[in-house]
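>>> take this sequence and fold it.
(2 chains)
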Number of protein chains: 2
Amino acid sequence: MKITVLGTGIVGQTLAAKLASLGHDVRIGTRDPAATLARSEPGQYGNPSFRDWAAANPKVRVATFADAAAHGEIVLNALSGAGTLAALELAGADRLAGKILLDISNPLDFSKGFPPSLLVANTDSLGEQIQRRFPATRVVKTLNTVSAHLMVDPGQLAGGDHTMFVAGDDADARRQVSGWLREWFGWKDVIELGDITQARGMEMYLPLWVRVFGAVQTPTFSIRVVR
Amino acid sequence: MKITVLGTGIVGQTLAAKLASLGHDVRIGTRDPAATLARSEPGQYGNPSFRDWAAANPKVRVATFADAAAHGEIVLNALSGAGTLAALELAGADRLAGKILLDISNPLDFSKGFPPSLLVANTDSLGEQIQRRFPATRVVKTLNTVSAHLMVDPGQLAGGDHTMFVAGDDADARRQVSGWLREWFGWKDVIELGDITQARGMEMYLPLWVRVFGAVQTPTFSIRVVR
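Numbers count the residues shown, from 1 in each chain, chains lettered A, B, ... in the order given. Okay, the predicted model is just below:
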């Protein structure tokens, strides 16, 4: 499948590399490909520089947001929450139209330091903002509740015995995304929450995630809905 | 121990009955004890009327907020989020001073129907509002993330293999509450998140809880922090 990943941080890198390893034709979008490819500083979490990552993943083509968006049959939003809407404008509503967009971002507000609050919460969500702005795109919120390495390999934690959520207005898109989560990444327990307003709950879980991270001292954690 | 439970809904009833069954001297607080004791309509969730509940739990004395607050060495806030601050005023800052207050309430806003949003979120929380208003009381947020029947008997779900959180400014109070959760109710996995600002994450989990409830179709669920 032709897949677009928007965002070249650790989430975008992790998703793009995994999808390419599965044989998909992946293009990763950024504002300025030449500048991104020149990045030689290590990543925020001790991961390799983008330049080194790109050299190790030659099948993933680095492109502008617009070129990347034109390429994919589906689009994964791995941008920061704060940067998402502006970057999606550059990707272009016409190039996103008719496609499923997996929204993985969280509207974290680090402007007042750590821990972050949310840029939008309670009566709205980033997932809904994206869906309102791009009504011809089928937005499905998912994967925003775990670290990047767990998104693509949940089995590395407790044999995958934990839960992922999916929310979006289009029931067929939700089912397709749930299937991809199982098929591509090995998620076993996927709960479809309902329409895109359910992105509120998924995003509002982040303040708890941040503090549990502080308490358990590892990003390799997740929640299981025990029932 | 002399224990005060504020609030006569299903949460207050469940906590008071369990604590009395453990031998504690429990007083349950309400605005108008005579009116509460006259309630003969069944509870919101098909539970018995308060009149029938009180008849079945004769050791739990029904009292005004003030009388109940004066009684307890510790206080459990099982009021609705919307009614908490006004009721705590009636309980009285002097009668709450020096005591640990377990805040179990959620600031749910049902004014626009279902699903509820939160009355306070993101940069503040009900737990913090209580702590600011009653600075001489040691507020510890806990138990707000599960249904009443699971609060007092987590073992009925997956043998108790799920997680409870605790947050409060006073480290000694947090430790005492964690101990009571284990000793009284049988909680096995208790995570101390930190100061009372962590009530934000615990309360902001509720919109996800509400929707997972809709998806799994039972209130007998909880989350386990898998790590």
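
>>> how about stretch A:177-194 and chain B, any contact?
Yes: Stretch A:177-194 lies within reach of chain B by Cβ under 8 Å from any Cβ of the partner chain, at A:191-194. The C-beta positions use only the backbone N, C-alpha and C, and glycine is treated the same way.

>>> what about that stretch, how long is it end to end?
End-to-end span of stretch A:177-194 (Cα to Cα, to the nearest Å): 13 Å.

>>> same question for stretch A:108-117.
Start-to-end span of stretch A:108-117 (Cα to Cα) is 6 Å.

>>> in strands only, show me the residues of stretch A:177-194 next to chain B.
A:191-194 (DSSP state E).

>>> got the contact list for A:Thr220?
Applying Cβ atoms under 8 Å, 6 or more residues apart in numbering or on different chains to A:Thr220 gives the contacts A:147, A:149-150, A:156-157, B:227.

>>> go with 7 Å
Going by Cβ atoms under 7 Å, 6 or more residues apart in numbering or on different chains, A:Thr220 touches A:147, A:150, A:157, B:227.

>>> give the helix, strand or coil label for A:Val75.
Following DSSP: H, G, I helix; E, B strand; the rest coil, A:Val75 is assigned to strand.

>>> so who does it touch?
A:4, A:6, A:69, A:96, A:99, A:101.

>>> can I assume A:Leu76 is in contact with A:Leu102?
Yes: at 4.7 Å, A:Leu76 counts as touching A:Leu102 under the criterion of Cβ atoms under 7 Å.

>>> identify the contacts common to these two.
What both A:Leu76 and A:Leu102 touch, as defined by Cβ under 7 Å, 6+ apart, is an empty set.

>>> how many residues are close by A:Met1?
13 (other Cβ atoms under 10 Å in any protein chain shown).

>>> mind pulling up the pLDDT for it?
Looking at A:Met1, its pLDDT stands at 98.

>>> residue contacts, it?
A:24, A:73-74.

>>> and the closest residue in space to A:Asp32 that isn't next to it in sequence, bridged to which residues?
Excluding its sequence neighbours, the residue lying closest to A:Asp32 (Cβ to Cβ, 6 or more residues apart in numbering or on different chains) is A:Thr64, at 7.7 Å. Assessed by DSSP bridges, A:Thr64 has beta-bridge partners A:Thr30.

>>> these two touch, right, A:Thr64 and A:Ile28?
No: if you go by Cβ under 7 Å, A:Thr64 and A:Ile28 don't touch, sitting 10.5 Å apart.

>>> how about the residues of chain A near chain B?
Contact residues (Cβ under 7 Å from any Cβ of the partner chain) of chain A with chain B: A:117-118, A:121-123, A:157-158, A:161-162, A:191-194, A:198, A:200-202, A:204-205, A:207-208, A:211-212, A:215-216, A:218, A:220-227.

>>> and these, which of them are in helices?
Secondary structure from DSSP state H places A:200-202, A:204, A:207-208, A:211-212, A:215-216 of the residues of chain A next to chain B in helices.

>>> where do the helices sit along chain A?
Using DSSP H, helices in chain A cover A:10-21, A:33-37, A:50-56, A:65-71, A:81-91, A:93-96, A:126-133, A:148-151, A:171-180, A:199-204, A:206-216.

>>> any chance of those helices in a markdown table, plus mean neighbour count, mean pLDDT and distance to B:Ala173?
Shown next, in a markdown table, are the helices of chain A (neighbours: other Cβ atoms under 10 Å in any protein chain shown; pLDDT from 0 to 100; distance: least, Cβ to Cβ, whole Å):
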| stretch | mean neighbour count | mean pLDDT | distance to B:Ala173 |
| --- | --- | --- | --- |
| helix A:10-21 | 22 | 98 | 38 |
| helix A:33-37 | 14 | 97 | 49 |
| helix A:50-56 | 17 | 97 | 47 |
| helix A:65-71 | 20 | 98 | 50 |
| helix A:81-91 | 19 | 98 | 35 |
| helix A:93-96 | 18 | 98 | 51 |
| helix A:126-133 | 22 | 98 | 36 |
| helix A:148-151 | 22 | 98 | 33 |
| helix A:171-180 | 18 | 98 | 43 |
| helix A:199-204 | 28 | 98 | 26 |
| helix A:206-216 | 19 | 97 | 17 |
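
>>> ok, which of the ones you listed comes nearest B:Pro135?
With Cβ to Cβ, the closest approach to B:Pro135 among the helices of chain A belongs to helix A:206-216: 22.7 Å.

>>> what's in contact with that closest one?
Here helix A:206-216 has contacts from A:106, A:108, A:115-116, A:118, A:145, A:219, A:221, B:191-194, B:198, B:200-202, B:204-205, B:225, B:227, using Cβ under 7 Å, 6+ apart.

>>> stretch A:56-69 too?
A:4, A:6, A:16-17, A:20, A:26-31, A:33, A:36-37, A:54, A:71, A:75, A:87, A:90-92, A:95-96.

>>> pull the CA atoms of it into PDB?
Output of stretch A:56-69 as PDB, limited to C-alpha atoms (Å, rounded to 0.1, in the frame of the first residue of the first chain):
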ATOM      1  CA  ALA A  56      19.300   3.400   7.400                       C
ATOM      2  CA  ASN A  57      15.900   3.600   5.800                       C
ATOM      3  CA  PRO A  58      16.600   4.300   2.100                       C
ATOM      4  CA  LYS A  59      13.200   2.900   0.900                       C
ATOM      5  CA  VAL A  60      11.300   5.700   2.800                       C
ATOM      6  CA  ARG A  61      11.300   8.800   0.500                       C
ATOM      7  CA  VAL A  62      11.500  12.100   2.300                       C
ATOM      8  CA  ALA A  63       9.200  14.700   0.700                       C
ATOM      9  CA  THR A  64       7.400  17.900   1.300                       C
ATOM     10  CA  PHE A  65       4.100  17.700   3.100                       C
ATOM     11  CA  ALA A  66       2.300  18.200  -0.200                       C
ATOM     12  CA  ASP A  67       4.300  15.600  -2.200                       C
ATOM     13  CA  ALA A  68       4.000  13.100   0.600                       C
ATOM     14  CA  ALA A  69       0.200  13.700   1.000                       C
END
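
>>> ok now it, how far from the chain's centre?
16 Å (Cα atoms, centre = their mean, to the nearest Å).

>>> likewise stretch A:155-173?
On Cα atoms, centre = their mean, the centre of stretch A:155-173 falls 13 Å from the chain's centre.

>>> list of residues touching it?
Counting by Cβ under 7 Å, 6+ apart, A:100, A:127, A:131, A:138-143, A:145, A:150, A:154, A:174, A:177-178, A:181, A:186-196, A:198-199, A:202, A:220, A:222-225, B:226 sit against stretch A:155-173.

>>> distance between the ends of it?
First-to-last residue span, stretch A:155-173, Cα to Cα: 24 Å.

>>> likewise for stretch A:122-131?
17 Å.

>>> quick check: bridge partners of A:Ile74?
Bridge pairing for A:Ile74 - DSSP bridges - gives A:Ile3, A:Ile100.

>>> and it, how many neighbours?
What A:Ile74 shows, counting by other Cβ under 10 Å, is a neighbour count of 20.
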